[in-house]
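Trainee: Here is a sequence with its predicted model. Questions after.
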Amino acid sequence: MKPRALFFLVLAAAVAFASLPTTTSASAGGRAGGPSTNGTAIACRRDTAADLRWVSWIHRVHSGVDPTLPEAAQWLGQLADGQPYRDVARSVARAAAPTSATIAGLYRSYLHREPGGSEVDGWTASLRAHGSATVVAELLASDEMFHRAGGTDAGWLDHVYELVLGRSPDAGGRAYWLGRLTGGEGRERVAAALWATPQSLWRRVDASYRKVLGRPGDPGGITHWSTVAAAEGDAALDAALASTQAGWDRAQATYGAPASVMPAPCRPVPRWVPPVGAVVRTLPRMDGHGPLLATLTFDDGPHPTWTPKILEILDRYDIPATFFVVGNWAQRHPDLVRRTLAEGHHLAVHTVSHPNLLTLGAAGQRREIAGSLDIVNGIVGAGHVKCFRPPYGNHDATTDQIAADLGLATIMWSRDGRDWASPGVDHIVQANLDTRYDDGRAVLLLHDGGVERSQTVAALPRLIDSLKARGYEFVQIC
């Protein structure tokens, strides 16, 4: 699960856009929506390089150029948030460059000239709101088109037939449409009606096949997709074709990658974002979910030995966790911070140097909390961190107010297996199964840094298996 902004950071740092690796595999997902006390996030395993190739290809199909990485990050985030492929494809097509290119293409096709900048600006909102049918009808009905066709209804009708249907009107068709025009029907309505005819649909679907899939449409496919074009418009048709396995394969091939199976959309998983200023010790009840809930939280990292091992275990079980990072360690290992976020976990802060905050005055507490937030934001960008945990669990009203002022919730815990003291793997597992403080809605305290954490690494799979066997559902917090 990758929040939107992360895609840009990861991809910009890791790969050159023109030569993306073909085997990069990472988790993908998103932080859907704003803070909620009862919601869902999305969890899945995605190949971000393959996703980037797909959204970039769609952008190229519509505009002739690749998107910028910040643009691509937005659409990768939509995939990560579990949005349907068609919706993401539509979003790409509505971007600035594809929209301008579409308008320019319509001008070239129907008025045989390039649009001016003001014309592109004038049509942009209409194209995005109503699709190409409205733009085409108005271009065909324009005085410019009418005069180009000789300034007569008959000449205009012949010209529109050629443009829309690829042929001259038959005698019956000419008489019918001229009758409507002479009877007071506006040119725009006549043009729109011709645009909506089955023959026009057939031609447009075939053109979409050629543009998106690079081949003519077969009769069965054209018949099938004509219903989409008729009901939802040409943009929806392009998006639908781009969202097929054939579209996915063409996208990968465009950037030199081998064919691969188009991944299934991401699945929703429970997520809880506490409100700013809250002090949290247990999970709330969540509508639509059972009574047994657990969230895994890890303190004191990132550590170059233990954090990767824990990330590998979480990846194997497909469980998102929350990592409360210490600023000094984050500065030493920024790549681990990025990896943690890239693999679907949430980042939270645990001060800069891990002091007992109760030994500090208000200014010192603020330096520690705000400083750690600044460090993490500097590594992955602002907007990801929603929560804070005080070292040793020591906090007071001043601490809580500072966290609230910084837009953070304070997260405590309901279960502590004392892994920080290396009490043995069995103790870590059993203590984290104790429900006495949370009635089965557990915030589990674990550690991935600070000192040697081999017992935590050994206990984690057993703990996850034990919680699952008892019927727990894992929730992502923050």
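Mentor: Yep, it's here.
Trainee: and the longest helix belonging to the chain, average pLDDT?
Mentor: Longest helix of the chain, by residue count under DSSP state H: helix 362-380. Averaging pLDDT along helix 362-380 gives 97.
Trainee: centre of the chain versus it, how much separation?
Mentor: 28 Å (CA atoms, centre = their mean, to the nearest Å).
Trainee: Report all helices and strands that that helix contacts.
Mentor: For helix 362-380, the elements it packs on are helix 4-14, helix 327-332, helix 334-342, strand 346-349, strand 387-388, helix 397-405, judged by 3 or more CB pairs under 8 Å, 6 or more residues apart in numbering; DSSP states H and E. The C-beta positions use only the backbone N, C-alpha and C, and glycine is treated the same way.
Trainee: Turn the ones you listed into TSV, columns for distance to Lys309, mean pLDDT and mean neighbour count.
Mentor: Converted to TSV, these look like this (distance: least, CB to CB, whole Å; pLDDT from 0 to 100; neighbours: other CB atoms under 10 Å):
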stretch	distance to Lys309	mean pLDDT	mean neighbour count
helix 4-14	21	38	19
helix 327-332	16	98	19
helix 334-342	12	91	21
strand 346-349	18	96	27
strand 387-388	23	98	26
helix 397-405	30	98	17
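Trainee: Figure out which of the ones you listed is closest to Arg203.
Mentor: Arg203 sits nearest to helix 4-14 of all these, at 37.8 Å, using CB to CB.
Trainee: Make JSON lines out of the helices and strands packed on helix 362-380 and add distance to Ser466.
Mentor: Listed next are these as JSON lines, based on distance: least, CB to CB, whole Å:
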{"stretch": "helix 4-14", "distance to Ser466": "32"}
{"stretch": "helix 327-332", "distance to Ser466": "29"}
{"stretch": "helix 334-342", "distance to Ser466": "24"}
{"stretch": "strand 346-349", "distance to Ser466": "23"}
{"stretch": "strand 387-388", "distance to Ser466": "26"}
{"stretch": "helix 397-405", "distance to Ser466": "32"}
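Trainee: between these, which gets nearest to Glu312?
Mentor: Once those are compared by CB to CB, helix 334-342 is nearest, at 10.8 Å.
Trainee: how about stretch 151-161: buried residues?
Mentor: By neighbour count with 16 or more other CB atoms under 10 Å, stretch 151-161 contains the buried residues 153, 156-161.
Trainee: What's the separation between Ala409 and Phe323?
Mentor: From Ala409 across to Phe323, the span is 15 Å (CB to CB, to the nearest Å).
Trainee: just Gln476 next, same as before
Mentor: Gln476 is 12 Å from Phe323, by CB to CB.
Trainee: One more: Met145?
Mentor: 61 Å.
Trainee: coming back round to it: quick one, which of Ala409 and Phe323 is more surrounded?
Mentor: With neighbours defined as other CB atoms under 10 Å, Ala409 and Phe323 compare such that Phe323 has more, 30 against 23.
Trainee: thinking again about what came up before, between helix 334-342 and the longest helix of the chain, find me the angle.
Mentor: Using axes from the mean of the first three to the mean of the last three CA atoms, to 10 degrees, the direction of helix 362-380 lies 80 degrees away from that of helix 334-342.
Trainee: Show me the contact partners of helix 362-380.
Mentor: With contact meaning CB atoms under 8 Å, 6 or more residues apart in numbering, helix 362-380 is reached by 5-6, 9, 325-327, 330-331, 334, 337-338, 341, 347, 349-353, 355, 357, 360, 384-385, 388, 398-399, 402-403, 406, 408.
Trainee: pull the CA atoms of that helix into CSV?
Mentor: C-alpha atoms of helix 362-380 as CSV (Å, rounded to 0.1, in the frame of the first residue of the first chain):
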residue,chain,number,x,y,z
ALA,A,362,7.5,22.2,27.0
ALA,A,363,10.1,23.7,24.6
GLY,A,364,12.2,20.5,24.9
GLN,A,365,9.2,18.3,24.3
ARG,A,366,8.2,20.3,21.3
ARG,A,367,11.7,20.1,19.8
GLU,A,368,11.7,16.3,20.1
ILE,A,369,8.2,15.7,18.7
ALA,A,370,8.2,18.4,16.0
GLY,A,371,11.8,17.5,15.1
SER,A,372,11.0,13.9,14.5
LEU,A,373,8.1,15.0,12.3
ASP,A,374,10.3,17.3,10.3
ILE,A,375,12.8,14.5,9.8
VAL,A,376,10.2,12.0,8.5
ASN,A,377,8.6,14.6,6.3
GLY,A,378,12.0,15.5,4.9
ILE,A,379,12.5,11.8,3.9
VAL,A,380,9.1,10.9,2.4
